[in-house]
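>>> sequence first, then the predicted structure, then my questions.
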Amino acid sequence: MTAIFVTGASGILGYALAGDLARRGRDVTAITRSPLPGPVPGGLRRILTADPLIPDWVAAQDATIVHFAGLSRVAHGFADWDTLERSEIAPQVGMLDGLATRGWRGHMVYVSSAAVYAPDARLPIAEDAPLAAETEYGRQKIALEAAHAEAAAAEGRALTILRVANPYGMTAGRDRGVIPLVIDAAQRGTRFTVNGTGREMRDYLHVDDLCAAFRATIDRPPEAGSPRILNLGSGTGTTLPEIIALVEAAVGRAVDYRFAPADVGSSVLSIDRINTVLGWAPRIPLDEGIARLAGAR
Ligand SMILES: O=c1ccn([C@@H]2O[C@H](COP(=O)(O)OP(=O)(O)O[C@H]3O[C@H](CO)[C@H](O)[C@H](O)[C@H]3O)[C@@H](O)[C@H]2O)c(=O)[nH]1
């Protein structure tokens, strides 16, 4: 069984995936800078390190690395590109150098984001759409995708880049996206603010479907030297008023909401490629996923 290392496993997605793999009996080690945000699933090995980007943890040369560690917040601001370059991109490139130095030659699964695409991209967005991020988070993902591609090509390694849409359904950790905020508003009777007109769409993917896609990615690596870029979303666009209606049905209470002017674009990913390459498709309908999450709170 190939060893799997999940970096950034104290983040919401890394934690969900590490737990999913451990519960399925995989040989998985969580690499974190901080404690896990919830209970530690049985069988999950953990390495707590001051700097996950110094890869002393890579014990097996053919291990699969699922790399989440890095900036976690889309809205994270930086004074300027130089600061971002120095504080985030250079250390990430340093990790790739460090892995090569330690003789690692396994499959890298780099977790990127739908935030790499231009805000006015044609929907649903395919992987070959132009990259033009409007946020620094998106711009650093574009830079790091390129760094991963370059390193994998130079070292003849296998690389998968997953561009993740809007995952939901996670039950541990902070910053779990807009759906838990709408559920809170329904359950507590507080007012929710919809940014924009209510017509903007996002692509919401249940975390269990996301984990299944990661498992398929890990189990079916690409050929070394043939990197693949795969969108990971539901392929379906949903507006916030539609989310609100689903939450109201799940909770059995109306949501008090208003609109606030905001320049918000739409983001919906095409998932044709991941379906063809991995045979993966999402299974959990949004109404069911929202009902599960509302019931878990
Ligand atoms: O109180 C709120 C909170 C959010 N929103 C809106 O809800 C939508 C979804 O917001 P999220 O914060 O859940 O997610 P984002 O789309 O901003 O960001 C997400 O999608 C990105 C890609 O587009 C990245 O993948 C990122 O990691 C992921 O969190 C956005 O239109 C946002 O403006 C509101 O209207 N009101």
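Arrived safely. Residues are numbered from 1 along each chain as shown.
>>> for the stretch 101-250 of the chain, which segments count as strands?
Assigned by DSSP state E, counting those that start in this stretch, the strands in the stretch 101-250 of the chain fall at 107-113, 158-164, 166-168, 191-195, 201-202, 204-206, 228-232, 238-239.
>>> winner for burial among these?
Highest mean neighbour count of the strands of the stretch 101-250 of the chain: strand 204-206, a mean of 25 (counted as mean count of other CB atoms under 10 Å). No exception for glycine: its C-beta is placed from N, CA and C like everyone else's.
>>> which residues are contacting that one?
If you take CB atoms under 8 Å, 6 or more residues apart in numbering as the criterion, strand 204-206 is touched by 164-169, 179, 232-234, 238, 243, 282, 284, 286, 289.
>>> of all those residues, which two lie farthest apart?
The most widely separated members of the contacts of strand 204-206, counting by CB to CB, are Leu232 and Ile243 (19.5 Å).
>>> residues contacting the closest residue to Pro37 other than its chain neighbours?
In this structure, Pro37 finds its nearest non-sequential neighbour in Gly173, 3.8 Å apart by CB to CB, 6 or more residues apart in numbering. Gly173 makes contact with Ser10, Gly11, Ile12, Tyr15, Pro37, Gly38 under the criterion CB under 8 Å, 6+ apart.
>>> the residues you listed in helices, which ones?
Of these, the ones assigned to helices by DSSP state H are Ile12, Tyr15.
>>> I'd like to know which of the contacts of Gly173 are buried.
Buried subset of the contacts of Gly173 (neighbour count, 16 or more other CB atoms under 10 Å): Ser10, Gly11, Ile12, Tyr15, Pro37.
>>> okay but the fourth one is in contact with Ser34, surely?
What it means is Tyr15. No - checked against CB atoms under 8 Å, the pair Tyr15 and Ser34 is beyond contact range at 10.7 Å.
>>> for the lengthiest helix in the chain, buried residues please.
Across the chain, the longest stretch assigned as helix under DSSP H is helix 136-155. For helix 136-155, the neighbour count (16+ other CB under 10 Å) marks 136-145, 147-148, 151-152, 155 as buried.
>>> can you tell me what sits against stretch 113-128?
Taking CB under 8 Å, 6+ apart as the rule, stretch 113-128 contacts 74, 129-135, 137-138, 141-142, 145, 163-166, 201, 203, 229-231, 233, 235, 237, 265-273.
>>> quick check: end-to-end length of it?
Length of stretch 113-128, first residue to last, CA to CA, to the nearest Å: 14 Å.
>>> buried set for that stretch?
The neighbour-count criterion (16+ other CB under 10 Å) identifies Ser113, Ala114, Ala115, Val116, Tyr117, Ala121, Leu123, Pro124, Ile125, Glu127 as the buried residues of stretch 113-128.
>>> ok, and does it reach over to the ligand?
Yes - using CB under 6 Å from any ligand atom, we find that stretch 113-128 touches the ligand at Ser113, Ala114, Ala115.
>>> beta partners of the spatially most central residue of the chain?
Geometric centre of the chain, nearest residue: Val164, 4.8 Å, by CA atoms, centre = their mean. Beta-bridge pairing of Val164 under DSSP bridges involves Ser113, Leu232.
>>> so what's it scoring on pLDDT?
With respect to pLDDT, Val164 scores 98.
>>> contacts only, for it.
Counting by CB under 8 Å, 6+ apart, Val164 touches Leu13, Val111, Ser112, Ser113, Ala114, Leu205, Leu210, Leu232, Gly233.
>>> need the residues you listed in a markdown table (columns: distance to Thr101 and pLDDT).
Below are the contacts of Val164 laid out as a markdown table (distance: CB to CB, whole Å; pLDDT from 0 to 100):
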| residue | distance to Thr101 | pLDDT |
| --- | --- | --- |
| Leu13 | 28 | 97 |
| Val111 | 23 | 98 |
| Ser112 | 24 | 98 |
| Ser113 | 28 | 97 |
| Ala114 | 33 | 97 |
| Leu205 | 36 | 98 |
| Leu210 | 32 | 98 |
| Leu232 | 30 | 99 |
| Gly233 | 35 | 98 |
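>>> which of these sit farthest apart?
Using CB to CB, the contacts of Val164 reach their maximum pairwise distance at Ser112 and Leu205, which is 14.4 Å.
>>> low-confidence regions, this protein specifically.
Across the chain, the ranges flagged by pLDDT under 70 are 72-79, 297.
>>> at 90 what do you get?
By pLDDT under 90, the low-scoring segments of the chain are 1, 70-84, 87, 133-137, 173-175, 225, 296-297.
>>> cheers, nothing more for now.
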